[in-house]
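A.B. asks: what follows is a predicted protein model with its sequence.
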Amino acid sequence: MGYMSDKEPHAATSRRIFLAGSAATFGAGVVTGPVAAAASERRGHHHPLHPAPWPDGPGRRNHPQQPDHELRAILAEIDRHRIEANIRKLVSFGTRHTLSTQDDTHHGIGAARDWIFETMRSYAARSGGRMTVEKQSFIQQPADRVPTPTRITNILATLHGSRFPERVYVISGHYDSRVTDVMNSTSFAPGADDDASGVAVSLELARVLATRRPEATIVLAAVAGEEQGLYGSTHMAEAFKKAGVDVQGMFTNDIVGSSTADDGTRDPHSIRLFAEGVPTDETPAQAAIRQAVGGENDSASRQLARFVTEVADNRFTDMHVRIIYRRDRYLRGGDHIPFLERGYPAGRFTEPNENFNHEHQDVRVENGVQFGDLPRFCDFGFIARTARVNAATLWSLAAAPGTPKNAQVITTNLTNDTDLIWDATPGAARYEVVWRPTIEPEWTHVIDVGRATHAHINLSKDNVFFGVRSVDHQGHRSPAAFPTPKL
Ligand SMILES: [Zn+2]
């Protein structure tokens, strides 16, 4: 602090203002209360620890979107007993290791693959031809954790959109399993939580959604090769990319089977959603813009995560969605990453507290402690609620118009207001500009701008973050698009 001295009154004054400002912004955890209080007292101001958000501006408060009649019916149909039966069936194959046998009808990953395929087909049979089921198969050449050429097969149930089939939303669970040694393809590897639970979510949503007509396309997937290195999901994401498919949201459900931690902590009404800030596929040019004007909390994946809390954190799902501002947990990865690498918005659902005695472990008892990923450690009511969060998310996305494309903020001149433009979105009846103070995590304000695809807002783009979303005649809203600067 050598730059501060009593001989420099200007510096001392700045320091007091800095302390007071810090306390107001960050709370007493950073700058202790008495120091900040003394500073404000000297300035003759009172600074509350939680001041009203600044700045204020136009628009009404942003509120969550409540489920419509059809979505409530969908949520009510999700059946925990069906989920439990499907998880127990997947466990019954003994192992679903990617390198396990593929030509035994009762044992190994091949039997699991065929059972998932036939189960999905039985659901699709009730769809009037709108749901198709495929085996997306490929030979993985020798690579890390895959010593010999190995067939890997994803099962995709695709419910084709009634109005906008070219717009796609994907959820996925991985049906391969493992024990302590990732190369062990013969030991009992029940994989009930990791990740029969996620596969059960895809299966249950396929069952419940098969008879319905979403406007956009929904893909319910079960992939393999996850434990060996995300091989199945990488193939799926690459296939979408090569075909130019407009995937506007992807979620992996991986380890969504239990709400109890190794220390017994229970949190049965919370599901974590991991969502990255800085995009995995960010280019140097995009990084330069972000460094200049911010946006590290406004990736397409973060907008998707905000959307999930708005549509799926409510009494109908009976769940709280706990967004985590990171791509995945420490030392771990998941099937959303290949989508992020290809520029698709994506996130990962995972239970709130993990028990690592139950993941990637040989099934055994050690000092009276049961290790292994067994169905007895699953909470099937919790998995059903997680399935409801997924259903609310997918249905709300597929019932709404798509996220506006090419949203831009005009930055030709220095001004104290904001001009936004975006492309017309198929199915949109009108648009909303959303905004929030830069330190707020969620969109706080909404401005209805009607049918126009541009807006002039009397609020400085320097002081808040803006987004644009599309709305249909029934009031279904898309996730927000974060505008890039138009120079
Ligand atoms: Zn997993």
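C.D. replies: Right, received. Where do you want to start? Numbering: from 1, shown residues only.

A.B. asks: for the nearest residue to residue 378 once chain neighbours are set aside, give me its contacts.
C.D. replies: Distance criterion Cβ to Cβ, 6 or more residues apart in numbering; nearest residue to residue 378, sequence neighbours excluded, is residue 257 at 4.4 Å. Just so you know, the C-beta spots here come from the backbone N, C-alpha and C atoms, and that holds for glycine as well. Residue 257 makes contact with 87, 192-194, 196-197, 351, 377-379, 382-383, according to Cβ atoms under 8 Å, 6 or more residues apart in numbering.

A.B. asks: ok, now residue 318?
C.D. replies: By Cβ under 8 Å, 6+ apart, the neighbours of residue 318 are 269, 385, 388.

A.B. asks: most neighbours out of the residues you listed, which is it?
C.D. replies: In terms of neighbour count, residue 388 stands highest of those at 28 neighbours, by other Cβ atoms under 10 Å.

A.B. asks: OK, now which residue of the stretch 251-400 of the chain is nearest to the ion?
C.D. replies: Residue of the stretch 251-400 of the chain nearest the ion, by Cβ to the ion: residue 254 (4.2 Å).

A.B. asks: check contacts around that residue.
C.D. replies: Taking Cβ under 8 Å, 6+ apart, we find residue 254 in contact with 173-174, 194-195, 198, 226, 334-335, 348-350.

A.B. asks: quick one: residue 154 is in a strand?
C.D. replies: Yes. Assigned with DSSP: H, G, I helix; E, B strand; the rest coil, residue 154 falls within a strand.

A.B. asks: count of residues packed around it?
C.D. replies: Using other Cβ under 10 Å as the criterion, residue 154 is surrounded by 26 other residues.

A.B. asks: quick one: the helices in the protein?
C.D. replies: 9-26, 33-43, 69-77, 80-91, 109-124, 197-209, 226-229, 231-242, 284-293, 300-312, 337-341, 380-399 (DSSP state H).

A.B. asks: pick the most buried one from those.
C.D. replies: A comparison of these by mean neighbour count, using mean count of other Cβ atoms under 10 Å, puts helix 197-209 on top with a mean of 28.

A.B. asks: redo the contacts of residue 254 as CSV? Include distance to residue 71 and pLDDT.
C.D. replies: Below are the contacts of residue 254 laid out as CSV (distance: Cβ to Cβ, whole Å; pLDDT from 0 to 100):
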residue, distance to residue 71, pLDDT
173, 21, 98
174, 27, 98
194, 29, 97
195, 26, 98
198, 21, 98
226, 30, 98
334, 26, 97
335, 25, 98
348, 23, 98
349, 18, 98
350, 24, 98
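
A.B. asks: would you point out the most distant pair within those?
C.D. replies: Maximum pairwise distance among those (Cβ to Cβ): 14.4 Å, between 226 and 349.

A.B. asks: re earlier: okay, the helices of the chain in JSON lines with distance to residue 157 next?
C.D. replies: Output for the helices of the chain, formatted as JSON lines (distance: least, Cβ to Cβ, whole Å):
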{"stretch": "helix 9-26", "distance to residue 157": "47"}
{"stretch": "helix 33-43", "distance to residue 157": "56"}
{"stretch": "helix 69-77", "distance to residue 157": "16"}
{"stretch": "helix 80-91", "distance to residue 157": "14"}
{"stretch": "helix 109-124", "distance to residue 157": "4"}
{"stretch": "helix 197-209", "distance to residue 157": "4"}
{"stretch": "helix 226-229", "distance to residue 157": "18"}
{"stretch": "helix 231-242", "distance to residue 157": "13"}
{"stretch": "helix 284-293", "distance to residue 157": "34"}
{"stretch": "helix 300-312", "distance to residue 157": "21"}
{"stretch": "helix 337-341", "distance to residue 157": "18"}
{"stretch": "helix 380-399", "distance to residue 157": "12"}
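
A.B. asks: in a markdown table, list the ones you listed along with distance to the ion.
C.D. replies: Output for the helices of the chain, formatted as a markdown table (distance: least, Cβ to the ion, whole Å):
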| stretch | distance to the ion |
| --- | --- |
| helix 9-26 | 36 |
| helix 33-43 | 44 |
| helix 69-77 | 25 |
| helix 80-91 | 13 |
| helix 109-124 | 14 |
| helix 197-209 | 7 |
| helix 226-229 | 6 |
| helix 231-242 | 11 |
| helix 284-293 | 30 |
| helix 300-312 | 19 |
| helix 337-341 | 12 |
| helix 380-399 | 14 |
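
A.B. asks: quick one, what contacts residue 486?
C.D. replies: 408-412, 421.

A.B. asks: please read the previous query as pertaining to residue 305.
C.D. replies: Applying Cβ under 8 Å, 6+ apart, the residues near residue 305 are 273, 275, 321, 323, 347.

A.B. asks: then residue 60?
C.D. replies: 445-446.

A.B. asks: of the contacts of residue 254, just the buried ones, PyMOL syntax please.
C.D. replies: In PyMOL, this line selects whichever of those come out buried by 16 or more other Cβ atoms under 10 Å:
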select buried, resi 173+174+194+195+198+226+334+335+348+349+350
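
A.B. asks: quick one: residues contacting residue 132.
C.D. replies: 124, 157-158, 160.

A.B. asks: and which of those residues is nearest the ion?
C.D. replies: The ion lies nearest to residue 157 out of the contacts of residue 132, by Cβ to the ion, at 19.9 Å.

A.B. asks: from the contacts of residue 132, which land in strands?
C.D. replies: 157-158 (DSSP state E).

A.B. asks: export the contacts of residue 132 as JSON lines, with columns for distance to residue 328 and pLDDT.
C.D. replies: Below are these laid out as JSON lines (distance: Cβ to Cβ, whole Å; pLDDT from 0 to 100):
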{"residue": "124", "distance to residue 328": "31", "pLDDT": "98"}
{"residue": "157", "distance to residue 328": "25", "pLDDT": "99"}
{"residue": "158", "distance to residue 328": "26", "pLDDT": "99"}
{"residue": "160", "distance to residue 328": "31", "pLDDT": "98"}
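
A.B. asks: so which of the contacts of residue 132 is surrounded by the most neighbours?
C.D. replies: residue 157 (28 neighbours).

A.B. asks: pLDDT of stretch 280-289, averaged?
C.D. replies: Average pLDDT, stretch 280-289: 97.

A.B. asks: ok, residues contacting it?
C.D. replies: Stretch 280-289 is contacted from outside by 278-279, 290, 295, 327, 337, 340-343, 484-485, using Cβ under 8 Å, 6+ apart.

A.B. asks: just want the most central residue of this protein.
C.D. replies: Taking Cα atoms, centre = their mean as the criterion, residue 347 is the residue nearest the geometric centre of the chain, at 3.0 Å.

A.B. asks: show me the beta-bridge partners of that residue.
C.D. replies: When bridges are called by DSSP bridges, residue 347 pairs up with residue 251.

A.B. asks: where's it relative to residue 305, distance?
C.D. replies: 6 Å (Cβ to Cβ, to the nearest Å).

A.B. asks: same check on residue 430?
C.D. replies: 24 Å.

A.B. asks: no further questions, thank you.
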